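Undergrad: model this:
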Amino acid sequence: MKAGDELAPLEIPITRTLIVAGAVASRDYQDVHHDAEIAREKGSPDIFMNILTTNGLVGRYITDHFGPTARLRSVRIRLGAPNYPGDIMTLTGTVTAVEGEVAEVRVTGANGLGNHVTGTVRVAVPGRAGGES
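TA: Residues are numbered from 1 along each chain as shown. Below you'll find the model as predicted:
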C-alpha cells in the first residue's frame with residue numbers, strides 16, 4: 001500500500017432495480033429515483049441514482065479492494081453526470097497518500113455521460129502500513 005498504487009477498475013451495471021433499491025434502502029423517497037414518468041415531467045430523461053447509493057458503491061469499491069479489515073475513515077464525494085438505467089459506471093482509484101495504516105484514495109466513477117462521481121476516501125487498513133502492497 002503506497003502512493004501511486006492503482007485500484008483495479010470495477011464496472012457496475014446501472015439498472016432500474018439498483019437505482020430504486022438504493023433509494024428505498026436509504027429512505028430517499030424522492031419520486032425522481034423511482035418514477036420515470038415524474039422524472040421526465042421534471043426534465044430528466046429517466047429515473048437516476050441518488051447520492052447515498054453512490055456513496056455506498058464508492059465505499060464498497062474501497063473495502064473490496066483493501067479487504068475485510070478495512071475501515072472507512074471518511075468519504076468525500078461530488079456528483080456530476082447522472083447515473084441512468086442501462087448505463088455502466090466504472091469506478092477507478094489511485095492511492096494518493098499513506099500515513100501509517102491509513103491510505104487516501106482518489107476515486108472516480110465514470111459513465112457514458114462523463115464523471116458521475118469524484119472524490120477522496122480515507123481508509124484504515126490494520127496490519128498494512130505504508131510501503132506494503
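Undergrad: now for the longest helix belonging to the chain, which elements pack on it?
TA: In terms of residue count, the longest helix belonging to the chain (DSSP state H) is helix 51-66. For helix 51-66, the packing partners by 3 or more CB pairs under 8 Å, 6 or more residues apart in numbering; DSSP states H and E come out as strand 6-13, helix 16-25, strand 71-79, strand 88-99, strand 102-111, strand 114-124. C-beta here means a position set from N, CA and C on the backbone, and glycine is covered the same way.
Undergrad: same thing but 6 Å
TA: Applying 3 or more CB pairs under 6 Å, 6 or more residues apart in numbering; DSSP states H and E, one finds that helix 51-66 makes contact with strand 71-79, strand 114-124.
Undergrad: quick one, which of these is nearest to residue 49?
TA: Closest to residue 49 of the helices and strands packed on helix 51-66, according to CB to CB: strand 114-124, at 7.7 Å.
Undergrad: With just CA atoms, put the closest one into PDB.
TA: Extracted C-alpha coordinates of strand 114-124, given in PDB (Å, rounded to 0.1, in the frame of the first residue of the first chain):
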ATOM      1  CA  GLY A 114     -18.900  11.600 -18.100                       C
ATOM      2  CA  ASN A 115     -17.800  11.500 -14.500                       C
ATOM      3  CA  HIS A 116     -20.700  10.600 -12.200                       C
ATOM      4  CA  VAL A 117     -18.700  10.800  -9.000                       C
ATOM      5  CA  THR A 118     -15.300  12.100  -8.000                       C
ATOM      6  CA  GLY A 119     -13.900  12.200  -4.500                       C
ATOM      7  CA  THR A 120     -11.500  11.200  -1.900                       C
ATOM      8  CA  VAL A 121     -11.700   8.300   0.600                       C
ATOM      9  CA  ARG A 122      -9.600   7.700   3.700                       C
ATOM     10  CA  VAL A 123      -9.400   4.100   4.700                       C
ATOM     11  CA  ALA A 124      -7.600   2.400   7.700                       C
END
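Undergrad: Ok, which of the helices and strands packed on helix 51-66 comes nearest residue 8?
TA: strand 114-124 (15.4 Å).
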